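Q: compute the structure for the input listed below.
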Amino acid sequence: MSVRVENGIVRLEGVCGVEDAEPVFSAFSEGGATAVDLSGANKIHGAVAQALLRFGAKIVGRPADPFLADHVAPALERRRSGGD
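A: Model prediction:
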């Protein structure tokens, strides 16, 4: 599995597929997670991104993947700050 939760932080690692959306959603809705660490993620499925957008996840760690760093992380930050 590409999702780990440690101390309220959801850590995404490697390629996060559609099957990872439910554990991400659960971590925020039921597990009390408040942030996501994207530094270990290579790719994330749109459903995972939607779950993160839904909860306005705080970003911890900069993604190495250029698409995540240039597009997904900024969108999450805008959502968190109320810009979207």
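Q: could you list the low-pLDDT ranges of this structure?
A: The chain contains residues with pLDDT under 70 at 1, 83-84.
Q: what segments of it are strands?
A: 3-6, 9-16, 35-44, 58-60 (DSSP state E).
Q: wait, which of those strands is closest to Phe28?
A: strand 9-16 (7.2 Å; CB to CB). Any C-beta I mention is one placed from the backbone N, CA and C, and that applies to glycine too.
Q: and the closest residue to Leu12 other than its chain neighbours, bridged to which residues?
A: Nearest non-adjacent residue to Leu12, counting by CB to CB, 6 or more residues apart in numbering: Ala41, 4.1 Å away. Beta bridges link Ala41 to Gly14 when assigned by DSSP bridges.
Q: neighbours of Ala41, how many?
A: The tally of other residues near Ala41 (other CB atoms under 10 Å) stands at 25.
Q: residue contacts, it?
A: Neighbour list for Ala41: 2, 12-16, 63, 65, 68 [criterion: CB atoms under 8 Å, 6 or more residues apart in numbering].
Q: these, buried ones only, as a PyMOL selection?
A: If you want just the buried ones from the contacts of Ala41 in PyMOL, going by 16 or more other CB atoms under 10 Å, the selection is:
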select buried, resi 2+12+13+16+63+65+68
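Q: let me know the closest of the contacts of Ala41 to Ala47.
A: Nearest to Ala47 among these, counting by CB to CB, is Cys16 at 9.3 Å.
Q: from what I see, that closest one and Lys43 are in contact.
A: Yes - Cys16 lies in contact with Lys43 (CB atoms under 8 Å); the separation is 6.8 Å.
Q: which one of the strands of the chain lies closest to Pro23?
A: Judging the strands of the chain by CB to CB, what sits closest to Pro23 is strand 3-6, at 4.5 Å.
Q: returning to that earlier point: any chance of the strands of the chain in a markdown table, plus distance to Glu77?
A: Formatted as a markdown table, the strands of the chain follow (distance: least, CB to CB, whole Å):
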| stretch | distance to Glu77 |
| --- | --- |
| strand 3-6 | 20 |
| strand 9-16 | 16 |
| strand 35-44 | 11 |
| strand 58-60 | 6 |
